[in-house]
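# Build me a structure from this.
(2 chains)
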Amino acid sequence: MSQQEEKKIRIVLAKPGLDGHDRGAKVLAAAFRDAGFEVIYTGLRQTPDMIVEAALQEDADVIALSILSGAHMTQFRRVLEKMKESGLDDVLLTGGGIIPDEDIETLMEMGTGRLFGPGSTTQEPIDYIRDWVRENRHDG
Amino acid sequence: MSGDKKGSNGNGHRGGKSFVEDRKRWEEDLYKPKGRFRQDGVTFTTVSSAEVPHIVGPEYFEETGWDPREKLAWPAEYPFTRGVHPTMYRGKMWTMRQFAGFGTPEETNQRYKFLLEKGQTGLSVAFDLPTLMGRDADDPLSEGEVGKCGVAISSREDMDILFDGIDMDKITTSMTINGPAAIIWAFFIATAERKGISRDKLAGTLQNDILKEFIAQKEFIFPPEPSVKLVVDTIEYATREMPMWNSVSISGYHIREAGSTAAQELAFTLADGFCYIEETMKRGLPVDTFAPRLSHFFNSHIDFFEEIGKFRAARRIYADRMKNRYGAEKERSWLLRFHTQTAGCSLTAQQPENNIVRTAVEALAGVLGGTQSLHTNSMDETLALPSEKAVKIALRTQQILGYETGVANTMDPLGGSYFVEWMTDKMESEAQEYIKRIDDMGGVVAGIENGFFQKEIARAAYRHQQELDRGERVVVGMNRFKDSGEKIDIPILKIGEEVGDRQRQRLKELRERRDNVKVEETMKNLRTACEDGANVMPSLIECAHADVTLGEMVSLMEDVYGTYVETAYF
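Okay, here's the model as predicted:
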């Protein structure tokens, strides 16, 4: 257990789609880094293929998407499909942005982890991801 | 400086002491021994994390030799600290301009008619992300984004529908578009021409500020240099053909929303404008021929006095540089006219009704800072696109400020306030320092390429978030004074996927119906113009008339100019 915890949590942080609003993504990238995570920030305009490929290449524990454009239903669904196809069933898909509550419910039913809205502290996703990894990480 | 004044004019000097000495006396007698300070962990800093003095008095004017003749003058007089018009809001109320657009052109057209009916005096078009990125609605990358955060415009036909039944020559139209600004403008001009309105009768503003896209909002298409070249094309075209058009709205709004401080917003925005001015002058246009049609666009954030200081300082810095560095001789070239939008990033998803209050305070700062036009955000914008009710309250907020509160009666009512003048001077000197650094590093494009702006903004944004997380900065309802078990009771405007279907279908029909010989011919002309470095506007308008789509023009131009991928800094 303790050995597993010593291994850094690896997170792919991505901005899918055409949206360029990256303030939140970059603030979280810095917060995750300061919390001791290994952060792979993909930059802007990533397709689901590119995001899942990055997670595979980087042996990520977590994929986090930041979406403020209203395209969350399409983007999360596409990334989930791609993760399934690529066999990434031990990777957490989480994220945040401007996502109405009812859409969050639907997305979580589809298989995403928790999604964070405006006003969240940076500590909330950090704690959530740490807990998730502690419970779900397999020996690797 | 203070020596020759000491005791000589005696005005207000207690016991012959200078104001500086008198302030010291007060601090020793009362402020320090008898003062109490809150211990709630909240810092006495602005929203930009800047220290502010606990009080400013006449000692500030005394110490700095502050002269109202030099620092203030009168409205419409250099250096324009007090405003750009001799009568300000007595002559003309600020333009109440609500940014709007969503879904199909038909739906947005209906919203525009609603707003005009409610007394709005200008239109402001919000485009969806595919349009902002120069993609057609049927482009695979547009999937899920069509009509979501603005109106979908892929062709001149869409623009015809958007302005159907609206007198394009009777209103002013502002269009928030940057990467493909020249193309969207060509659609707009072609639509007007089809209605029999000649282009010189059109009045409005194109945002067209690509540099702040590289710095903050990230909706760029081509690399910085050809992007700036396109901006210069539009400036040149407006100067020659469209005398009532504001060719660029040099924008700080997005820089601030991305997390910058007030001083960074001010400096980076002005520096962007100076870059366009220098490039346009290099093309051979005398500064006085185009400078009068440049406008600015600032954010009004929640820190009331910092914002007022920022607006007043902006006019002073601009006038100085236009006159003394670029040698502009027309007074109109020295004027910094600006649009203001209240700060979206200051609003909360929690207890959203509180946003009405935040927006009112921010709007008031814009008015006291002398804005020419104003957009007030709707309370529900942290949740989704604004509903009709929320938009109406936002517009009514402006009307209450303008017509009930009396703040529009007297020009620059805060001029001469010790603190406001201190703040104005501070904003001016901090921004000047940044502008000098940018000049020294070789200008804005160099700064973008070496990541200077992106790093400065990312650092400020992270610091702000940390202050919120630690509770050093309070946001009511979000990190203090929270409601438990809050249920948000605001109608949310949702854009369905049928918008995309509809737009794709219309494009398909357009491609089948149009004269493809004409399409090829006009596109060939456009390619030649791009390759020869000629002004592209005439070819773009020709393409617009021939029903060439947005995406087709952009991909042709990408072919010639290339694309751009930024390095991310956090």
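
# Would you confirm that B:Glu542 contacts B:Asn525?
Yes: using CB atoms under 8 Å, B:Glu542 is in contact with B:Asn525, at 6.3 Å. All C-beta spots, glycine's among them, are computed from the backbone N, C-alpha and C.

# List the buried residues in the longest helix belonging to chain B.
For chain B, the helix with the greatest residue count under DSSP state H is helix B:418-440. The neighbour-count criterion (16 or more other CB atoms under 10 Å in any protein chain shown) identifies B:418-428, B:430-432, B:434-435, B:438 as the buried residues of helix B:418-440.

# pLDDT on stretch A:133-140, on average?
Within the predicted structure, the mean pLDDT of stretch A:133-140 is 79.

# again with stretch B:382-402
Averaging pLDDT along stretch B:382-402 yields 91.

# Pick out the residue closest to the middle of chain A.
Closest residue to the average C-alpha location of chain A: A:Ala64 at 1.4 Å, with CA atoms, centre = their mean.

# does that residue count as helix, strand or coil?
Assigned by DSSP: H, G, I helix; E, B strand; the rest coil, the conformation of A:Ala64 is strand.

# Give me the distance between it and A:Ala14.
7 Å (CB to CB, to the nearest Å).

# how about the strands in chain A?
For chain A, the strands defined by DSSP state E cover A:10-14, A:38-41, A:62-67, A:92-97, A:115-116.

# do chain B as well
Counting by DSSP E, the strands of chain B are B:95-96, B:99-100, B:122-126, B:172-176, B:203-206, B:245-246, B:248-251, B:294-300, B:338-342, B:373-375.

# Just give me the neighbour total for A:Asp34.
Per other CB atoms under 10 Å in any protein chain shown, the neighbour tally for A:Asp34 reads 13.

# quick one: it from B:Val517, how far?
Look at A:Asp34 and B:Val517: by CB to CB, they are 61 Å apart.

# Could I get the contacting residues of B:Ala192?
B:Phe163, B:Met168, B:Asp169, B:Ser198, B:Arg199, B:Lys201, B:Leu202 (CB atoms under 8 Å, 6 or more residues apart in numbering or on different chains).

# Please, a PyMOL command that selects the buried ones among those residues?
Here is the PyMOL selection string for the buried members of these, based on 16+ other CB under 10 Å:
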select buried, chain B and resi 163+168+199+202
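
# And the furthest pair within the contacts of B:Ala192?
B:Phe163 and B:Ser198 (15.4 Å; CB to CB).

# which ones are touching residue 54?
All of this refers to chain A. Contacts of A:Ala54 by CB under 8 Å, 6+ apart are A:Val12, A:Ala14, A:Ile40, A:Thr42, A:Gln46, A:Ala60.

# nope, chain B please
Counted by CB under 8 Å, 6+ apart, B:His54 has contacts B:Tyr31, B:Phe44.

# about what we covered before: any residues touching the longest helix of chain B, and which ones?
Here helix B:418-440 has contacts from B:50, B:52-53, B:55-58, B:60-61, B:64, B:66, B:71, B:81, B:262-264, B:266-268, B:270-271, B:274, B:305-306, B:308-310, B:312-314, B:316-317, B:414-415, B:444, B:447, B:452, using CB under 8 Å, 6+ apart.

# which of the residues you listed come close to chain A?
Among the contacts of helix B:418-440, no residue sits close to chain A (CB under 8 Å from any CB of the partner chain).

# what's around B:Gly442, how many residues?
Neighbours of B:Gly442 under the rule other CB under 10 Å: 11.

# Please read the previous query as pertaining to B:Tyr403.
10.

# measure it to B:Phe114 for me?
Counting by CB to CB, the gap from B:Tyr403 to B:Phe114 is 21 Å.

# unless I'm mixing things up, A:Ile51 is touching A:Gly17, no?
No: counting by CB under 8 Å, A:Ile51 stays clear of A:Gly17, with 10.5 Å between them.

# which one of those two has more residues nearby?
When A:Ile51 and A:Gly17 are compared for neighbours, A:Gly17 comes out ahead with 30 against 26, by other CB under 10 Å.

# For the more buried one, which residues are in contact?
A:Arg45, A:Gln46, A:Ile67, A:Ser69, A:Ala71, A:Thr74, A:Gln75, B:Leu129, B:Leu141, B:Gly144, B:Glu145.
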